[in-house]
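Engineer: Sequence first, then the predicted structure, then my questions.
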Amino acid sequence: MGKINFVTKDNNLQRLILVFLLFVIGLGLSLFLYNRYGQLQKNIYRLRIENVQLKDKIGNYRRELEECSLRFVRKFEIRLTPKGGYVFYLKGRPFLIKGVSYNPTPIGKSYDYEFFSDPNKPWLVDGKLMKEAGINCIRIYSTGSDLEKVKEFIKDMYERFGIYTIVSDWLGLWDYPYANYSDAEFREKTKERVLKIVRALKDQEGVLMWILGNENNYTFSGRIRFWTSPEIEKLEDHCAKQEKRAEIYYSFVNELAKEIKKIDSVHPVALGNGEASFLNIAAANSPDIDVLAIIAYRGKTFGNIFTAIKTLFDKPILLSEFGCDSYDAYKEREDQEIQAEFILAQWKEIYANTTISKNINGNSIGGCLFEWTDEWWKHNEGYSEDWTMHNKEAGWSHGAYYFDIRAKDNLNMNEEWFGIVSLDKEIENNINKRIPKKAYYVLKEFLSQITSINNLKFNFLEGDQENKASENLPPTQ
């Protein structure tokens, strides 16, 4: 068979056929590559969408993991340092309580005013001022009659201003007839009422802790609200009678604390106590207390209160009431400068005794200054005509507030002037106009300078006793 010869006489026709074949092949290859490119683009687009979806899924998984992990981190926790100091943790981070007592009684109202039910909601004005000052917590002394209104207040303070609420209860201290802590019926009624409050408020995100009592230990000597029982009266020695009252009262507080923890395992329970008196008896009878809420008026300094309490009842200390009035009873004029000076000194001492200040054996977890606004009803609480006057008469004497101790009869403590914010009769935002005092601005400046422990190389759990700060610490919460 002969060899095929593609070369014909008609060379032009052959060339045309060859060009046409090459064109068809090129066109086919181009269409193939175009289709493959389009498919590749679709695949790339699909992969991009899947990548975004995967990132979203990963983000969701991370959030779920964080939420899951938070369930294993106690919302509130008190940790002990290697040298016996205390750190108060909020959601896994150290937290310094920078608080103020809050009872914004308007001019012309008195002790029975319940601000929770006030349609003017004074806390919406006060909360803004507090936040600007760096205050992160307020203390209320009672919850009043409408717990739903209290919920609304706590929610507003937390969600609008990031401010927590410490909920206190007098445990019947100012009731009439007088509270009798040895009486079984009184104890049961008080327990029912307190537990009702806890059940109603415990799930509010803005609740920080519970405080049981305030200065109830002053009843042991009969200084206020005397109470007794046949068992007590059988004792002949006066001191023994006081100690027996202390045992009865602190046992009751511990009973309450245990019952609270059965329904609320999240929030700490504090014992409110006037000064350090009877704390040795409290230690023996109230072991289930988490925090000591101490009321102390000692002038510029708290003296040995932190070291003394560590010896008597070694629990973290919240200075739940302290302060200085802004009226000089000797010179008979307002003196905002001296109030600011005293309050700044008090706060510096509170801070110096915290672990957050790098004091590894500090047992202070913060304080609640007394108080936010002046209260014009206090000097003559039973005389309504006086509630529209800012009384200048002092009600009691205290030598530690030396600047006006030379006042007549040494009466120098003016109950109506303890606020760091003045009230004016002028109405603004439907409430008495707020006028911050010098102490407000001094406190604002000080709180802005307080630094956090968050970046400290301080391993409490593993016993690392070093306490080295990084150069730039973030502000505390």
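Structural biologist: Thanks, I have it. Numbering: from 1, shown residues only.
Engineer: got the residue ranges for the helices in the stretch 201-350 of the chain?
Structural biologist: 230-233, 238-263, 279-285, 305-312, 336-352 (DSSP state H, counting those that start in this stretch).
Engineer: how about a markdown table for the ones you listed, with distance to Asn410, mean pLDDT and mean neighbour count added?
Structural biologist: Quick note: C-beta positions are derived from backbone N, CA and C, even for glycine. Formatted as a markdown table, the helices of the stretch 201-350 of the chain follow (distance: least, C-beta to C-beta, whole Å; pLDDT from 0 to 100; neighbours: other C-beta atoms under 10 Å):
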| stretch | distance to Asn410 | mean pLDDT | mean neighbour count |
| --- | --- | --- | --- |
| helix 230-233 | 34 | 96 | 12 |
| helix 238-263 | 27 | 97 | 19 |
| helix 279-285 | 28 | 98 | 20 |
| helix 305-312 | 23 | 97 | 17 |
| helix 336-352 | 17 | 98 | 20 |
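Engineer: Go through these and name the closest to Ile44.
Structural biologist: helix 238-263 (57.8 Å; C-beta to C-beta).
Engineer: could you say what helices and strands that closest one packs with?
Structural biologist: helix 184-201, strand 207-212, helix 230-233, strand 269-274, helix 279-285 (3 or more C-beta pairs under 8 Å, 6 or more residues apart in numbering; DSSP states H and E).
Engineer: Return the alpha-carbon coordinates of the second one using PDB.
Structural biologist: To tie it back to what came earlier, the one meant is strand 207-212. The C-alpha coordinates for strand 207-212 follow below in PDB (Å, rounded to 0.1, in the frame of the first residue of the first chain):
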ATOM      1  CA  VAL A 207     -27.700  42.300  92.200                       C
ATOM      2  CA  LEU A 208     -24.300  42.200  93.800                       C
ATOM      3  CA  MET A 209     -24.800  40.800  97.400                       C
ATOM      4  CA  TRP A 210     -27.100  40.600 100.400                       C
ATOM      5  CA  ILE A 211     -26.400  42.400 103.700                       C
ATOM      6  CA  LEU A 212     -28.200  41.200 106.800                       C
END
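Engineer: packing partners for that strand?
Structural biologist: Packed next to strand 207-212, using 3+ C-beta pairs under 8 Å, 6+ apart, are strand 164-169, helix 184-201, helix 238-263, strand 269-274.
Engineer: State which helix of the protein is the longest.
Structural biologist: Longest among the helix segments of the chain by residue count, using DSSP state H, is helix 11-70.
Engineer: How far off centre is it?
Structural biologist: How far helix 11-70 lies from its chain's middle: 57 Å, per C-alpha atoms, centre = their mean, to the nearest Å.
Engineer: Also stretch 248-268?
Structural biologist: 20 Å.
Engineer: contacting residues around that stretch?
Structural biologist: 74-76, 78, 171, 181-182, 187, 190-191, 194-195, 198-199, 202, 207-210, 212-213, 216-217, 219-220, 229, 232, 269, 271, 278, 281-282, 284-291 (C-beta atoms under 8 Å, 6 or more residues apart in numbering).
Engineer: how much space between the nearest residue to Leu195 once chain neighbours are set aside and Ile154?
Structural biologist: Here the nearest residue to Leu195 in space, its sequence neighbours aside, is Glu259; by C-beta to C-beta, 6 or more residues apart in numbering that works out to 6.0 Å. As judged by C-beta to C-beta, to the nearest Å, Glu259 and Ile154 stand 22 Å apart.
Engineer: Please apply the same query to Arg193.
Structural biologist: 18 Å.
Engineer: just Glu255 next, same as before
Structural biologist: Going from Glu255 to Ile154 by C-beta to C-beta gives 26 Å.
Engineer: Could you pull up the contacting residues of Ala282?
Structural biologist: Taking C-beta under 8 Å, 6+ apart as the criterion, Ala282 is in contact with 246, 250, 253, 271, 273, 289, 313.
Engineer: one more time with 7 Å
Structural biologist: Shown in contact with Ala282 (C-beta atoms under 7 Å, 6 or more residues apart in numbering): 250, 271, 273, 313.
Engineer: Beta-bridge partners for the third one, please?
Structural biologist: Asn273 forms beta bridges with Ile294, as assigned by DSSP bridges.
Engineer: who touches Leu312 in this structure?
Structural biologist: 276, 279-280, 283.
Engineer: Could you rerun that using 10 Å?
Structural biologist: Residues in contact with Leu312, defined by C-beta atoms under 10 Å, 6 or more residues apart in numbering, are 276-283, 292.
Engineer: Give the buried residues for stretch 125-133.
Structural biologist: 125-127, 129-130, 133 (16 or more other C-beta atoms under 10 Å).
Engineer: Which ones among those residues map onto strands?
Structural biologist: Assigned to strands by DSSP state E, none of those qualify.
Engineer: of those, closest to Pro82?
Structural biologist: Using C-beta to C-beta, Ala133 comes nearest to Pro82 of the buried residues of stretch 125-133, at 34.1 Å.
Engineer: wait, that closest one sits on Ser448?
Structural biologist: Yes. Using C-beta atoms under 10 Å, Ala133 is in contact with Ser448, at 8.7 Å.
Engineer: Which residue ranges make up each domain of the chain?
Structural biologist: Following automatic domain parsing, the chain resolves into domains at 10-72, 75-449.
Engineer: what's the most buried one of these?
Structural biologist: domain 75-449 (a mean of 19; mean count of other C-beta atoms under 10 Å).
Engineer: what's the span of that one from first residue to last?
Structural biologist: 26 Å (C-alpha to C-alpha, to the nearest Å).
Engineer: Convert the C-alpha atoms of stretch 237-251 to CSV, please.
Structural biologist: Below are the C-alpha coordinates for stretch 237-251, written out as CSV (Å, rounded to 0.1, in the frame of the first residue of the first chain):
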residue,chain,number,x,y,z
ASP,A,237,-23.5,39.7,135.0
HIS,A,238,-24.3,42.6,132.6
CYS,A,239,-21.5,41.6,130.2
ALA,A,240,-22.8,38.0,130.1
LYS,A,241,-26.2,39.3,129.2
GLN,A,242,-24.8,41.3,126.3
GLU,A,243,-22.8,38.3,125.1
LYS,A,244,-25.9,36.1,125.3
ARG,A,245,-27.8,38.6,123.1
ALA,A,246,-24.9,38.5,120.7
GLU,A,247,-25.0,34.7,120.5
ILE,A,248,-28.7,34.7,119.9
TYR,A,249,-28.6,37.4,117.2
TYR,A,250,-25.6,36.1,115.3
SER,A,251,-27.0,32.5,115.4
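Engineer: and the gap between Phe252 and Asn429?
Structural biologist: On the measure of C-beta to C-beta, Phe252 and Asn429 end up 43 Å apart.
Engineer: now the helices and strands packed on helix 238-263 as CSV including distance to Ile343?
Structural biologist: Converted to CSV, these look like this (distance: least, C-beta to C-beta, whole Å):
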stretch, distance to Ile343
helix 184-201, 30
strand 207-212, 21
helix 230-233, 40
strand 269-274, 20
helix 279-285, 25
